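Asks: Let me see the structure of the following:
(chains A and B)
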Number of protein chains: 2
Amino acid sequence: MNRGFYSVQLILQNIRQLVTVAARGAFAKSGHAMRDLGVLDDATVLIEDGIIRWVGASSDFHEPSIADATMLDCSELAALPGFVDSHTHLLFAGSREDEFAMRVEGRSYQEIADAGGGILSTVNATRAASKKELKKLGRQRLDDMLKLGTTTVEIKSGYGLTQDDEIKMLEAINELAEEHYSTVVATFLGAHALPPEFAGNADGYVAVLCQRLLPYIAKRKLAAFCDAFCETKYFTVAQTETLFRAALAAGLKLKRHADQLTQIGASKLGASFHATSIDHLEKIDSDAMEAIREAGSIATVLPGVSFFLNYGYPPARQMIDSGLPIAIATNFNPGSCMSFSMPMMMTIACTHMGLTPEEALAAATVNGAAALNLSHRIGSIEVGKEADIILYRIPHYRHLAYHFGVNHVETIIKRGVILEF
Amino acid sequence: MNRGFYSVQLILQNIRQLVTVAARGAFAKSGHAMRDLGVLDDATVLIEDGIIRWVGASSDFHEPSIADATMLDCSELAALPGFVDSHTHLLFAGSREDEFAMRVEGRSYQEIADAGGGILSTVNATRAASKKELKKLGRQRLDDMLKLGTTTVEIKSGYGLTQDDEIKMLEAINELAEEHYSTVVATFLGAHALPPEFAGNADGYVAVLCQRLLPYIAKRKLAAFCDAFCETKYFTVAQTETLFRAALAAGLKLKRHADQLTQIGASKLGASFHATSIDHLEKIDSDAMEAIREAGSIATVLPGVSFFLNYGYPPARQMIDSGLPIAIATNFNPGSCMSFSMPMMMTIACTHMGLTPEEALAAATVNGAAALNLSHRIGSIEVGKEADIILYRIPHYRHLAYHFGVNHVETIIKRGVILEF
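Replies: Residues are numbered from 1 along each chain as shown, chains lettered A, B, ... in the order given. As a prediction, this is how the structure comes out:
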């Protein structure tokens, strides 16, 4: 991103199709409400100081008093809220395209690990990288995501797995949050995998996370959330519970990886802690759905993972029909989903998970914001929210999911700033 | 596309990774040869008058004599042949995103047709559009495809289905071929569907195609190929045979839609006519594979269709293992695959059809060229071929399939012209 153009007052005029995704006071859309996108034809949006001040039909709009307002003609464009990608691992060094090639040739996870692949290869590369190098990689990826319409990104640590390397990652994420146009949210995922130094001693590693890292992270406010990979062969329900108690005590909110590979009660545990979001859910069952709904958590599905690894999708249709609020995120990472394209995730969700284009859009915007506790600020085009608005050269919003594999973005407005490439 | 920069002599210097996909005299790669991409690190390519004149290691390259050669530093870039998209229906008016939404909600083909969807809705919109309007749509799509690295595009008629409208489409395609930077190949697909005017009289429609349209198209050289949708409820094997005899007599070469929905012997018929390519093949059987291999036809698979409609993929792994030369194309059209992204097709081929990234690349370049009878001119970076070369900002060519949903193109060179956006 080179620079941006800022005007105190910005008016988006004669928007051909405005999709507000307005949640009207609710923090997230669930069930049938996910299909209600609040679409207006020939609409106008007034932005002042980066905040949305007026939204409505162009015929109802009266020129504001400030003489030097910037006008943007949108008569050929659709306007939608910026995407909120609420689950990524985008800060990593190294690359795993060789592992991708091995997997499509049918090699097993163990063969790939034996050949130096797998998550620990990314851990090694990320440990070897300096904070400066990581930030350069992260900045480029945030730029590329903005160009695809993503204005808010959650980033997890979890490729360091030592005290110093986890802090290095979190510092890099927080500095990117300061320096980049995107809204960046940091999540501490020290419990991503067991580092080789603690082989056979997961309890010991969790103790280090709880006693050393979490207090330090809390003191320096390096993360908004704590996440854990609660899964067979990773971290048990009991270890995750220990970690979550410590995280809550330290003032962090909770997210979690749950029910990805096996059903061990991970999402139910998350619900019992009222985690802000519970993510993955490929192996969710109806008990877990009920628990998540009662807890008021967001259920985040990651369509790109099932696509990329060619395995079963989470039952998102059933989840929506049972009243759960669903968010969609990319899970961008070098192993299980090498993509940060939210429109591509929407296409996969529609073609392979039975979501309507409307549900996919709500899941990728306002519900993603709710999965980050940010739906009071972003995720929809409503008065009082930050002006994160993407203008697209498409005849209808459904083209975002329908016409896939190409970037339809025409103009990116982030907190009222028109970004230039 | 705004304009291009042309230099009589262009030198691509210090290419970090050059992927020649050289076929070394063969017209197409088959079986194990599909994995041999001819990769060179730190390479140089010399282009003169749009033709590749030298390819090799930078250390072996000696400066040419012409003083004003243009040098392009490629030390951060990978260079690959432009994609050849050998099967598209890109010239259409109208849009079918509503049908997409209905399908993901589980509506049947008949319900969609009753609601005004399906192929006839595109036929109606295309009939209603002027040649000028169609060309404008086509030009924009060819631009967007170039930006994604596709330098050669086959375009079929088949949304007119009257004499005047089929000619209108073919004229538009031929004019785009003249006017656009892309290499455009025209295919006559009058037998795409039975027009309502001939309901119940497919024989009569085929007679019109043979007796009126084909001679006129041949005389004006409006198409290089004749194609037909030989399928249950569309055109029978006997009708297709009649059409193909007339097409051969008129001097056209043959392509065909075969074995998409059912196995009625369509691909075997294509093989018996030595069709240049036989496309779709979702329902191919081993007899048909054998026939295609013996005929020397290219077997073209369309990964985006199975992805978009979420139905079974063609057995491409088995086809390659049995020695068939496979091409990949997008089948870009508003009903069954609304995408013109060749990298996305490669990703789907790798993740869902078991192709290696190498096989997918060969299928998307040199074998696509062979599917258009153009592999003597394009499809690989070899001395004597046209300089259709794409420069990518990726660390390894495998990133094209691996890192999906984003455009990695840095620079587009078409017949030696550096295109600017």
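
Asks: Get me the contact residues on the stretch 201-350 of chain A for chain B.
Replies: Proximity of the stretch 201-350 of chain A to chain B, by Cβ under 8 Å from any Cβ of the partner chain, involves residues A:304, A:307-310, A:338-341, A:343-344, A:350. C-betas here are computed from N, CA, C, even on glycine.

Asks: which of those count as buried?
Replies: A:304, A:307-308, A:338-341, A:343-344, A:350 (16 or more other Cβ atoms under 10 Å in any protein chain shown).

Asks: Which two of the residues you listed have the greatest separation?
Replies: Pairwise distances across those peak at 20.8 Å for A:Met338 and A:Cys350 (criterion: Cβ to Cβ).

Asks: Just the residues of the stretch 201-350 of chain A next to chain B: which are in strands?
Replies: With strands taken from DSSP state E, there is no overlap with these.

Asks: a markdown table for the residues you listed, including pLDDT and distance to A:Ile15?
Replies: Listed next are these as a markdown table, based on pLDDT from 0 to 100; distance: Cβ to Cβ, whole Å:
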| residue | pLDDT | distance to A:Ile15 |
| --- | --- | --- |
| A:Gly304 | 98 | 30 |
| A:Phe307 | 98 | 32 |
| A:Phe308 | 97 | 35 |
| A:Leu309 | 94 | 39 |
| A:Asn310 | 94 | 39 |
| A:Met338 | 98 | 34 |
| A:Ser339 | 98 | 29 |
| A:Phe340 | 98 | 26 |
| A:Ser341 | 98 | 24 |
| A:Pro343 | 98 | 19 |
| A:Met344 | 98 | 25 |
| A:Cys350 | 98 | 24 |
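
Asks: Low-confidence ranges, chain A, go.
Replies: Applying pLDDT under 70 to chain A flags the ranges A:1-2, A:64-67.

Asks: any idea how it splits into domains?
Replies: Here the domain parsing of chain A from automatic domain parsing is A:2-81+A:377-420, A:84-370.

Asks: Span of the longest one from start to end?
Replies: From its first residue to its last, domain A:84-370 covers 9 Å (Cα to Cα, to the nearest Å).

Asks: Likewise for stretch A:252-270?
Replies: Span of stretch A:252-270 from end to end, Cα to Cα: 14 Å.

Asks: same check, this time on stretch A:63-81
Replies: In stretch A:63-81, first residue to last residue: 23 Å (Cα to Cα).

Asks: now check it, is it near chain B?
Replies: No. Stretch A:63-81 lies out of reach of chain B by Cβ under 8 Å from any Cβ, never closer than 11.7 Å.

Asks: ok, and for that stretch, which residues are buried?
Replies: For stretch A:63-81, by 16+ other Cβ under 10 Å, it's A:69, A:72, A:74, A:77-81.

Asks: Stretch A:117-136 too?
Replies: In stretch A:117-136, counting by 16+ other Cβ under 10 Å, buried: A:117-123, A:125-127, A:129, A:134-135.

Asks: would you say A:Ile15 is within a strand?
Replies: Yes. Counting by DSSP: H, G, I helix; E, B strand; the rest coil, one finds A:Ile15 located in a strand.

Asks: Just confirm it contacts A:Val45, I think it does.
Replies: Yes. Proximity of A:Ile15 to A:Val45 meets the contact threshold set by Cβ atoms under 8 Å, at 6.8 Å.

Asks: hey, what's in contact with both of those two?
Replies: The contact sets of A:Ile15 and A:Val45 overlap at A:Ala79 (Cβ atoms under 8 Å, 6 or more residues apart in numbering or on different chains).

Asks: now whatever residue of the stretch 251-400 of chain A ends up closest to chain B: how far from A:Thr347?
Replies: Residue of the stretch 251-400 of chain A nearest chain B, by Cβ to the nearest Cβ: A:Ser341 (2.9 Å). Distance, A:Ser341 to A:Thr347, using Cβ to Cβ, to the nearest Å: 9 Å.

Asks: the helices in the stretch 201-350 of chain A, which residues?
Replies: Secondary structure of the stretch 201-350 of chain A by DSSP state H, counting those that start in this stretch: the helices cover A:202-208, A:214-219, A:237-249, A:266-272, A:286-295, A:303-309, A:316-321, A:342-353.

Asks: Show me what the fourth one packs onto, helices and strands only.
Replies: When contacts are defined as 3 or more Cβ pairs under 8 Å, 6 or more residues apart in numbering or on different chains; DSSP states H and E, helix A:266-272 packs onto helix A:237-249, strand A:253-258, strand A:277-280, helix A:286-295.

Asks: Identify the residues contacting it?
Replies: With contact meaning Cβ under 8 Å, 6+ apart, helix A:266-272 is reached by A:230-231, A:237, A:240-241, A:244, A:254, A:256-259, A:278, A:281, A:284, A:287-288, A:291-292, A:294-295, A:297.

Asks: Please tell me how far the spatially most central residue of chain A sits from A:Val301.
Replies: What sits nearest the mean C-alpha location of chain A, by Cα atoms, centre = their mean, is A:Ser86, with 1.8 Å. Distance of A:Ser86 to A:Val301, computed by Cβ to Cβ: 11 Å.

Asks: count of residues packed around A:Asp114?
Replies: Residues lying near A:Asp114 (other Cβ atoms under 10 Å in any protein chain shown) number 11.

Asks: residues contacting the closest residue to A:Gly379 other than its chain neighbours?
Replies: Computed as Cβ to Cβ, 6 or more residues apart in numbering or on different chains, the closest residue to A:Gly379 that is not its neighbour in sequence is A:Ala369, at 2.9 Å. A:Ala369 makes contact with A:84, A:86, A:152, A:375, A:377-380, according to Cβ under 8 Å, 6+ apart.

Asks: Just among the residues you listed, which is most surrounded?
Replies: A:Gly379 (35 neighbours).

Asks: Please, which helix or strand holds that one?
Replies: For A:Gly379, there is no enclosing helix or strand under DSSP states H and E.

Asks: still on that earlier bit, out of the buried residues of stretch A:117-136, list just those in strands.
Replies: Per DSSP E, strands hold no members of these.

Asks: Turn those residues into JSON lines, columns for distance to chain B.
Replies: Shown next, in JSON lines, are those (distance: Cβ to the nearest Cβ, whole Å):
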{"residue": "A:Gly117", "distance to chain B": "13"}
{"residue": "A:Gly118", "distance to chain B": "15"}
{"residue": "A:Ile119", "distance to chain B": "16"}
{"residue": "A:Leu120", "distance to chain B": "19"}
{"residue": "A:Ser121", "distance to chain B": "14"}
{"residue": "A:Thr122", "distance to chain B": "14"}
{"residue": "A:Val123", "distance to chain B": "19"}
{"residue": "A:Ala125", "distance to chain B": "12"}
{"residue": "A:Thr126", "distance to chain B": "16"}
{"residue": "A:Arg127", "distance to chain B": "19"}
{"residue": "A:Ala129", "distance to chain B": "14"}
{"residue": "A:Leu134", "distance to chain B": "16"}
{"residue": "A:Lys135", "distance to chain B": "18"}
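
Asks: any idea how far A:Ala218 is from chain B?
Replies: For A:Ala218, the distance to chain B (Cβ to the nearest Cβ, to the nearest Å) stands at 35 Å.

Asks: I'd say that residue and A:Leu252 touch.
Replies: Yes. Counting by Cβ under 8 Å, A:Leu252 is a contact partner of A:Ala218 at 6.6 Å.

Asks: Which residue of these two possesses the greater neighbour count?
Replies: Per other Cβ under 10 Å, whichever of A:Ala218 and A:Leu252 has more neighbours is A:Leu252, with 22 against 18.

Asks: Show the contacting residues for the more buried one.
Replies: Each residue near A:Leu252 by Cβ under 8 Å, 6+ apart is listed here: A:188, A:214, A:217-218, A:223-226.

Asks: Can you tell me which of these has the most neighbours?
Replies: Neighbour count (other Cβ under 10 Å) singles out A:Phe188 as the most crowded of those, with 31 neighbours.

Asks: residues touching it, list them.
Replies: Contacts of A:Phe188 (Cβ under 8 Å, 6+ apart): A:156-157, A:166, A:170, A:213-214, A:217, A:222-223, A:225-227, A:247, A:252.
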